[in-house]
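> no letters, just coordinates:
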């Protein structure tokens, strides 16, 4: 039993304090995409890719880039550019969702691509809600429409990932 073991009760508090002090409290809130995606890199990668699921994942990332560009255009005061980029964002997401549906993959058995789309749509809905609150009411129509479409698409993705269970017929036992 030495001196360090006697101080052991204080160590976790001190380590936690140091960790919290070193890590900025807002470091994880509203963070940009984890990759440093650029439009040019993603478009080039999309041209080379032949796997439809990987293409859909790249399109999801490209959609996020367009959404962030739309937010930046609004910050610069360019509402026309914001609306144009929101339209481009929605086109990319529609293409991604169509590609995933046309891939022939059963989402609840092989969720690759579908799960990523769901996660990104949920995060994008937060970005869109923040943007909508900042846009004056009279100019909000495009952002409102895109937010509704994102919500509808997310509901479709969730239905694909979690299809309803067939009702059990009377007299048949379930296999458990």
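In hand now; what should we look at? Computed from a prediction, not measured in an experiment: that's the story for all the values here. Residues are numbered from 1 along each chain as shown.

> now do residue 114 against residue 164, distance only.
Relative to residue 164, residue 114 is positioned 16 Å away (C-beta to C-beta, to the nearest Å). (Each C-beta comes from the backbone N, C-alpha and C, glycine too.)

> no no, residue 147
Residue 147 sits 26 Å away from residue 164, going by C-beta to C-beta.

> any stretches of the protein with poor pLDDT?
By pLDDT under 70, the weakly predicted segments of the chain are 1-35, 167-176.

> can you map out the strands along it?
For the chain, strands defined by DSSP state E do not occur.

> need the nearest residue in space to the most centrally placed residue in it, chain neighbours excluded.
For the chain, residue 120 is the residue whose C-alpha lies nearest the centre (C-alpha atoms, centre = their mean; 1.2 Å). Closest residue to residue 120 apart from its sequence neighbours, by C-beta to C-beta, 6 or more residues apart in numbering: residue 60 at 4.8 Å.

> does the one you found touch residue 118 like I think?
No: in this structure residue 60 lies outside contact range of residue 118 using C-beta atoms under 8 Å: 9.9 Å.

> who's more crowded, the two?
Set side by side, residue 60 and residue 118 show more neighbours around residue 60, with 23 against 20, by other C-beta atoms under 10 Å.

> in contact with the more buried one, which residues?
Each residue near residue 60 by C-beta atoms under 8 Å, 6 or more residues apart in numbering is listed here: 93, 96, 116-117, 120.

> change it to 7 Å
Residues counted as contacts of residue 60 (C-beta atoms under 7 Å, 6 or more residues apart in numbering) are 96, 116-117, 120.

> list buried residues within those.
96, 116-117, 120 (16 or more other C-beta atoms under 10 Å).

> what's the closest of those to residue 106?
The nearest member of those to residue 106, counting by C-beta to C-beta, is residue 117 at 15.1 Å.

> contacting residues for the closest one?
Counting by C-beta under 7 Å, 6+ apart, residue 117 makes contact with 60, 96-97, 100, 157.

> just put these in JSON lines and tack on distance to residue 88.
Listed next are the contacts of residue 117 as JSON lines, based on distance: C-beta to C-beta, whole Å:
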{"residue": "60", "distance to residue 88": "14"}
{"residue": "96", "distance to residue 88": "13"}
{"residue": "97", "distance to residue 88": "15"}
{"residue": "100", "distance to residue 88": "19"}
{"residue": "157", "distance to residue 88": "20"}
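
> picking up where we left off before, look at residue 114 and residue 164 and report which has more neighbours.
Shown here are residue 114 and residue 164; by other C-beta under 10 Å, residue 114 has more neighbours (23 against 6).
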